[in-house]
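Colleague: Pasting the sequence and the predicted coordinates here, then a few questions.
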Amino acid sequence: TLIDELEMSKFTEEVVKAYPKKVAKKRSKSIVINDPDSIPQIQSNVRTIPGIITQRGCTYAGCKGVVLGPTRDIVNITHGPIGCGFYSWLTRRNQTRADKPEMDNFIPYTFSTDMQDSNIVFGGEEKLKVAIREAVELFNPKGIAIFSTCPVGLIGDDVHRVARQMKEEFPGVNIFGFSCEGYRGVSQSAGHHIANNGLYKHLIGRNDNPTRKYKYAVNVLGEYNIGGDAFVIEDLFERIGVDIIATMSGNSTLEQFETAHTADFSLVMCHRSINYVAEMLETSFGIPWAKANFIGAEATAKTLRKVGQYFGDQELIDRIEEVIADEMKAVNAAIEKARAKTEGKTAMMFVGGSRAHHYQELFSELGMETLVAGYEFGHRDDYEGRRVIPTIQIDADSRNIEEITVYPDPTRYKPRKTEEELAQLREAFDIEFNEYKGMMNDMKKGTLVIDDLSHYEMEKLIELYKPDVFCAGIKEKYVVQKMGIPMKQLHNYDNGGPYAAFEGAINFYKDIEMIACSTIFKQMKAPWEREEVLEAEYVFN
Ligand code: CFN
Ligand code: HCA
């Protein structure tokens, strides 16, 4: 097969040879050749070696940018220097649409305390209070969230105390803070965890009266409406006649969070970023959760069937089958058209903590092979599947995030199901619905899986295996294109999308056909191929 011919072990040898000894030893634990029948261990969620150019982001990005950012009617204030707020301002392309025109929508804004040197010396809490007062005066929001950036933690500003004081000053406004300083974890992943805890502590479970139209209702967790993905999913649920109580957090509202505990079932799209909330909803409110995937037509059909199966209602099951059959007509026509060109082509993908897995489905629908893939900050369970006992400790000098998990407080919440009922549900459900696969379960034998890919490794991969399309983010984009390889961003979809569900799959087939089958990049010459360059080599001893 193609994978055998390409000899993936060549990469490991070459790259490891180029690193200093200690670096080579550590990096080689994060570079593995896959075998789905006997899944090897992969080192992940550990600190990037200083000096290596990683593609990871920070804890603040995971908390403010990712989990809380896409909510429409909470004013998200970045407490920090202006750059943190500015560079996380709409770059993720999470979209919004209001149910009614009079509803709040703060997504087009970015709010920041714009910390200066003097605030570093004398403290920034007063400036934060002024910012909160100004936000209330100008926007009169239902909620205000404060996000700490690195300097805030270093100088010791207490955003939680400020939040409490401001809540007293403005009793109608829900004001809460996050200690999500960029350095708190090894990646965005710590920020997800901190955000999940905050959602649970300050929002979920505070309102028992959701707007419900249908008999059954679900939460869609870990879906952030990038390029309008959540809109497509919302429309699909409308067609099958099931309510979505809360999306976390694409196109969401404070009310959605507050009523999330009234849903019957939680679907978890991006497990990495929201598994903590899913677990907490299950333990304290008796809402079981299952992994779901709306990336890929087959995956979408499977997810919808899971919903039908969960509720066990024949009418719903029939409706779901009708919708699937109807949608698959256009999907099959689009696949057939694209596949004529895409069949047999190759892809590589390195993205965050779930997409590098989910998007492989779309490529296989196009007849394309994923040769190499990896997450920036996934954990072992995201790679190896559910029953992974974490044997690798988080570096001692980063905080152990497990300690800051908020465990359900029984004095505040009344479980809606008894322990027994829940145990029964879970049991039925684990076997039948809750297939808990990681990336490596779904990748072929002999493919390469690499965690926290470095920039150097990326260049080596491209040189050695020349994929037809390379998928990653903005930091990789132009380097890859200059190397003559078509590049597709799987974070913000470049200007494209939606790519979720049936409608999104069709968009994706068209875009990939255009990108991967274009010869334009092969014809271009990078500056270093056109002009003479002076190269120097640093030799390690
Ligand atoms: S939208 Fe999600 S799907 S939330 Fe996460 S792990 Fe990031 S911002 Mo970029 S695109 Fe990416 Fe995932 Fe979940 Fe996005 S793959 S890196 S933190 N991610
Ligand atoms: C983040 C957000 C990001 C960055 C994408 C990229 C996103 O991690 O802070 O590197 O291109 O999806 O916008 O992941």
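Modeller: The structure has been received and is ready for your questions. Ligands and ions are numbered 1, 2, ... in the order given.

Colleague: In this structure, where is pLDDT below threshold?
Modeller: Scanning the chain for pLDDT under 70 picks out the ranges 386-416, 426-434, 541.

Colleague: neighbours around residue 127, how many?
Modeller: Using other CB atoms under 10 Å, residue 127 is surrounded by 18 other residues. To be clear about C-beta, it is placed using only N, CA and C from the backbone, and glycine gets the same treatment.

Colleague: roughly how far apart are it and residue 114?
Modeller: 8 Å (CB to CB, to the nearest Å).

Colleague: So residue 306 versus ligand 2, what's the distance?
Modeller: 27 Å (CB to the nearest ligand atom, to the nearest Å).

Colleague: I'd assumed residue 292 was in contact with that residue.
Modeller: Yes: between residue 306 and residue 292 there is a contact under CB atoms under 8 Å: 6.7 Å.

Colleague: Whichever strand or helix holds residue 300 near ligand 1 anywhere?
Modeller: In this assignment (DSSP states H and E), residue 300 forms part of helix 297-311. No: judged by CB under 6 Å from any ligand atom, helix 297-311 and ligand 1 are separated, with a smallest distance of 14.0 Å.

Colleague: any idea how far residue 2 is from the residue in the stretch 101-250 of the chain that ligand 2 sits nearest to?
Modeller: Scanning the stretch 101-250 of the chain for the residue nearest ligand 2 gives residue 188, at 5.2 Å (criterion: CB to the nearest ligand atom). According to CB to CB, residue 188 stands 33 Å off from residue 2.

Colleague: Looking at those two, which one has more neighbours?
Modeller: The neighbour comparison of residue 188 against residue 2 (other CB under 10 Å) goes to residue 188, with 28 against 11.

Colleague: State the number of residues packed around residue 128.
Modeller: By the measure other CB under 10 Å, the count of residues near residue 128 is 26.

Colleague: Please verify my assumption that it contacts residue 79.
Modeller: Yes: taking CB under 8 Å as the definition, residue 128 is a contact partner of residue 79 at 5.3 Å.

Colleague: Touching both of these two, which residues are there?
Modeller: Counting by CB atoms under 8 Å, 6 or more residues apart in numbering, the contacts common to residue 128 and residue 79 are 113, 146, 157, 159.

Colleague: is it fair to say the third one lies in a helix?
Modeller: Right, residue 157. No: using DSSP: H, G, I helix; E, B strand; the rest coil, the assignment for residue 157 is coil, not a helix.

Colleague: How about the residues of the chain by ligand 2?
Modeller: 57, 61, 65, 91-92, 188, 352, 473-475, 491-492.

Colleague: Select only the buried ones of these in PyMOL?
Modeller: The buried subset of those, as determined by 16 or more other CB atoms under 10 Å, is captured in PyMOL by this line:
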select buried, resi 57+61+65+92+188+352+473+491+492
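
Colleague: Cross the residues of the chain next to ligand 2 against strands and list the overlap.
Modeller: Among the residues of the chain next to ligand 2, the subset assigned to strands under DSSP state E is empty.

Colleague: Pick the one among the residues of the chain next to ligand 2 closest to ligand 1.
Modeller: Nearest to ligand 1 among the residues of the chain next to ligand 2, with distances taken as CB to the nearest ligand atom, is residue 352, at 2.4 Å.

Colleague: Measure how buried the nearest residue to that closest one once chain neighbours are set aside is and give me the count.
Modeller: Leaving aside its sequence neighbours, residue 352 sits nearest to residue 376 (CB to CB, 6 or more residues apart in numbering; 5.4 Å). Neighbours of residue 376 under the rule other CB under 10 Å: 25.

Colleague: mind listing what residue 376 touches?
Modeller: Contact partners of residue 376, counting by CB under 8 Å, 6+ apart, are 54-57, 187-188, 350-353, 452-453.

Colleague: dump the residue contacts of the closest residue to ligand 1 within the stretch 151-300 of the chain.
Modeller: Nearest residue of the stretch 151-300 of the chain to ligand 1, counting by CB to the nearest ligand atom: residue 270, 3.2 Å away. By CB under 8 Å, 6+ apart, the contact list for residue 270 reads 221-224, 353-355.

Colleague: ok, the one residue in the chain that gets nearest to ligand 2 to residue 489 distance?
Modeller: Nearest to ligand 2, among the residues of the chain, is residue 473, at 2.5 Å (CB to the nearest ligand atom). With distances taken as CB to CB, residue 473 is found 6 Å from residue 489.

Colleague: ok, now residue 33?
Modeller: The gap separating residue 33 from residue 489 is 27 Å, by CB to CB.

Colleague: Which residue ranges of the protein form strands?
Modeller: So, for the chain - with DSSP E - the strands run 31-33, 74-79, 111-112, 143-148, 174-178, 217-223, 243-249, 265-268, 289-291, 346-350, 369-374, 448-450, 469-472, 487-489.

Colleague: As JSON lines, those with mean neighbour count and distance to residue 17 would be great.
Modeller: As requested, the strands of the chain are exported to JSON lines (neighbours: other CB atoms under 10 Å; distance: least, CB to CB, whole Å):
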{"stretch": "strand 31-33", "mean neighbour count": "20", "distance to residue 17": "12"}
{"stretch": "strand 74-79", "mean neighbour count": "26", "distance to residue 17": "43"}
{"stretch": "strand 111-112", "mean neighbour count": "22", "distance to residue 17": "45"}
{"stretch": "strand 143-148", "mean neighbour count": "28", "distance to residue 17": "42"}
{"stretch": "strand 174-178", "mean neighbour count": "23", "distance to residue 17": "43"}
{"stretch": "strand 217-223", "mean neighbour count": "26", "distance to residue 17": "39"}
{"stretch": "strand 243-249", "mean neighbour count": "26", "distance to residue 17": "44"}
{"stretch": "strand 265-268", "mean neighbour count": "25", "distance to residue 17": "40"}
{"stretch": "strand 289-291", "mean neighbour count": "23", "distance to residue 17": "38"}
{"stretch": "strand 346-350", "mean neighbour count": "25", "distance to residue 17": "21"}
{"stretch": "strand 369-374", "mean neighbour count": "26", "distance to residue 17": "18"}
{"stretch": "strand 448-450", "mean neighbour count": "24", "distance to residue 17": "16"}
{"stretch": "strand 469-472", "mean neighbour count": "26", "distance to residue 17": "23"}
{"stretch": "strand 487-489", "mean neighbour count": "20", "distance to residue 17": "27"}
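
Colleague: what's the closest non-adjacent residue to residue 316?
Modeller: Nearest in space to residue 316, with sequence neighbours left out and distances taken as CB to CB, 6+ apart, is residue 308 at 5.3 Å.

Colleague: which residues touch the nearest residue to residue 37 once chain neighbours are set aside?
Modeller: With CB to CB, 6+ apart as the criterion, residue 37 has its nearest non-adjacent residue at 7.3 Å, and that residue is residue 445. Taking CB under 8 Å, 6+ apart, we find residue 445 in contact with 3, 34-37.

Colleague: Any of those residues buried? List them.
Modeller: Buried subset of these (neighbour count, 16+ other CB under 10 Å): 3, 34.

Colleague: so which of the contacts of residue 445 comes closest to ligand 1?
Modeller: residue 34 (19.0 Å).

Colleague: which residues does the closest one contact?
Modeller: Here residue 34 is in contact with 40, 440, 443-449 (CB under 8 Å, 6+ apart).

Colleague: Ok, residue 483 next?
Modeller: Applying CB under 8 Å, 6+ apart to residue 483 gives the contacts 459, 462-463, 526.

Colleague: could I have stretch 109-124 exported to CSV, CA atoms only?
Modeller: Taking C-alpha atoms only, stretch 109-124 is exported to CSV below (Å, rounded to 0.1, in the frame of the first residue of the first chain):
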residue,chain,number,x,y,z
TYR,A,109,-16.6,44.0,20.0
THR,A,110,-13.4,43.3,21.9
PHE,A,111,-13.2,44.6,25.5
SER,A,112,-9.9,45.1,27.3
THR,A,113,-8.5,47.0,30.2
ASP,A,114,-5.5,47.9,28.1
MET,A,115,-3.0,47.5,31.0
GLN,A,116,0.0,49.9,31.0
ASP,A,117,3.3,49.9,32.8
SER,A,118,1.9,51.9,35.7
ASN,A,119,-0.8,49.3,36.2
ILE,A,120,2.0,46.7,36.5
VAL,A,121,3.7,48.7,39.1
PHE,A,122,0.7,49.9,41.1
GLY,A,123,-1.9,47.2,40.4
GLY,A,124,-4.6,47.0,37.8
